[in-house]
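Undergrad: got a sequence here, can you model it:
(one chain, ligands or ions: 2)
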Amino acid sequence: MKGKTVFFCTECGNETAKWQGRCPACGAWNTLSEEPAAGKSTGSKSSHNVTPVALSQVSFTSEERILTGIHEFDRVLGGGIVVGSLVLVGGDPGIGKSTLLLQVCRELSDKKSILYVSGEESARQIKMRADRLGNFSDGVKLLSETSLDAVEDALRQFTPDIMIIDSIQTMSRDDISSAPGSVSQVRESTNTLLHIAKDRNITVFIVGHVTKDGQVAGPRMLEHMVDTVLYFEGEQSANYRILRAVKNRFGSTDEIGVFEMKTDGLREVANPSEYMLQGRPLGEPGSVVAPAVEGSRAILVEIQALVCKSSFQIPRRTAAGADYNRMNLLMAVLEKRLGTELAWCDAYLNVAGGMRVTEPALDLCIVTAILSSFRNKALNEKTVCFGEVGLTGEIRGVNYAAQRIREAEKLGFERCIMPAVQVKELAKEHPNIELIGVSSVKDLNAIISKS
Ligand code: TYD
Ligand code: MG
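TA: Ligands and ions are numbered 1, 2, ... in the order given. So this is what the prediction gives:
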């Protein structure tokens, strides 16, 4: 006889008895998946002897933190790993999640006891990877296992300070009959790990794969259950990686960490702007330096444009690392407001270094790069620019302006083309850099023709 089954929403984890086209809890369409019912005891009320505590009576000691020595990692976590916290590390396959966590193990292996549970690789494979990263002391124990019950048994003999689960999609609990990676398995496994972390004060890192649309596979609830959600991202074609906190109960979500993937593991990039500007051509038309903001950190990137006469009926346009539609819109603004004849030109836009920038704050750089290439006039190499461009060609103020200017100053830039409305308030604080205010794309025209 077929066992009892229930339906779980893959978005929110809601459970229903019948299949429906739309999840009654979150309203998402076509997200219910059929899975065997977990053998939960229902109906009988057990008595719990619990007493609420007055908030004012709760004893409080500030959370204990472990510093890994990998500064970029510590910073993203808000100043080190919080003892007893549950951290989810999400990212595309092959981006370097296992490598990052193994490096964290290596840094802490002298001071802390660590259990690395891998459901994806054998102990031999992990050893091979570890050999690329350097020497490990005996503080790191490996377990190649997919059953969480077996992991719990192992924890009875040995209580580590830190446990790593690589990955949640391969783990399963014996009492739930659905396959690993299914909604109920992911939900219940995370629940078990939450109890392990909170009851025994073990810090647990959970690796989670990301689906095509960039979310950790499994219910969204997974993200609600953990204390911290980190995303590890990067372009397949580029070597740099960005670690970002999208949720953090113990720190801000504004910080990012930048790493570079080398043959011997991940290396911190202490100065991302310098890294992104490596090999920048000087005095070439079409090249503009833009202070982009990731989290709350400014990183200088080079935006390149190539505009040339088209030999096709319909001109070609491409945008790599920038928004294609935004590029078209900005070219339309130039055409209308400045009368620049771009309609018959091919245009290619590229953000060098493989970074992706989609902030409207960099509109002005895109416009400048396009104009610079079109006119074949190079912008001064010590100049950066930022600002949002509106549909009437006006230049609007942007957020994090001070951070952007400071970063440009730090890297030795001497001029900054920016929204005129923001010049006054920022000029006093930045005497070493010339702030050139523009209020419309028409002003920009004059600057490019001059330089
Ligand atoms: P990995 O940590 O296995 O990714 P994930 O766990 O996110 O799936 O990283 C895999 C990639 O990183 C793989 O393509 C090889 C590369 N790599 C290096 O370039 N250098 C190294 O030292 C290591 C360990 C991996
Ligand atoms: Mg892995």
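Undergrad: part of a helix, is residue 361?
TA: Yes. Residue 361: assigned to a helix according to DSSP: H, G, I helix; E, B strand; the rest coil.
Undergrad: who's in contact with it?
TA: Contacts here follow Cβ atoms under 8 Å, 6 or more residues apart in numbering; on that basis residue 361 touches 292-293, 386-388, 398-400, 404. In this view, the C-beta of every residue, glycine as well, is placed from N, C-alpha and C.
Undergrad: skipping its backbone neighbours, what lies nearest it in space?
TA: Leaving aside its chain neighbours, residue 361 sits nearest to residue 398 (3.7 Å; criterion: Cβ to Cβ, 6 or more residues apart in numbering).
Undergrad: so what's that neighbour scoring on pLDDT?
TA: The model reports residue 398 with a pLDDT of 96.
Undergrad: and of the contacts of residue 361, the nearest to ligand 1?
TA: Closest to ligand 1 out of the contacts of residue 361 is residue 292 (24.5 Å), distances taken as Cβ to the nearest ligand atom.
Undergrad: for the closest residue to residue 92 other than its chain neighbours, name its beta-bridge partners.
TA: By the measure of Cβ to Cβ, 6+ apart, the closest residue to residue 92 outside its immediate chain neighbours is residue 210, 5.5 Å from it. Beta-bridge pairing of residue 210 under DSSP bridges involves residue 216.
Undergrad: if we can go back for a sec, put the buried members of the contacts of residue 361 into a ChimeraX selection.
TA: Buried subset of those, written as a ChimeraX selection, criterion 16 or more other Cβ atoms under 10 Å:
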select :292,293,386,387,388,398,400,404
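Undergrad: pick out the residue of the stretch 151-300 of the chain closest to ligand 1.
TA: The nearest approach of the stretch 151-300 of the chain to ligand 1 comes at residue 265, 4.1 Å away (Cβ to the nearest ligand atom).
Undergrad: SS state for residue 89?
TA: strand.
Undergrad: wait, isn't it in contact with residue 208?
TA: Yes. Judged on Cβ atoms under 8 Å, residue 89 makes contact with residue 208 at a distance of 7.0 Å.
Undergrad: so what's residue 206 up against?
TA: Here residue 206 is in contact with 86-89, 165, 167-168, 190, 193, 226 (criterion: Cβ under 8 Å, 6+ apart).
Undergrad: let's have those in TSV, adding pLDDT.
TA: TSV is the format used below for the contacts of residue 206 (pLDDT from 0 to 100):
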residue	pLDDT
86	94
87	95
88	94
89	94
165	94
167	86
168	91
190	91
193	92
226	92
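Undergrad: drop anything exposed from those.
TA: Among those, those classed as buried by 16+ other Cβ under 10 Å are 86-89, 165, 167-168, 190, 193, 226.
Undergrad: just the residues you listed now: which is nearest residue 364?
TA: residue 89 (35.6 Å; Cβ to Cβ).
Undergrad: relative to residue 265, how far out is the closest one?
TA: According to Cβ to Cβ, to the nearest Å, residue 89 and residue 265 sit 16 Å apart.
Undergrad: which SSE is residue 176 in?
TA: Assigned by DSSP states H and E, residue 176 belongs to no helix or strand.
Undergrad: and it, what pLDDT?
TA: What the model reports as pLDDT for residue 176 is 85.
Undergrad: got the buried residues for stretch 111-130?
TA: For stretch 111-130, burial by neighbour count (16+ other Cβ under 10 Å) applies to 112-121, 126, 130.
Undergrad: how about stretch 250-263?
TA: Per 16+ other Cβ under 10 Å, stretch 250-263 contains these buried residues: 250-251, 253, 255-261.
Undergrad: since that was my last question, I'll sign off now.
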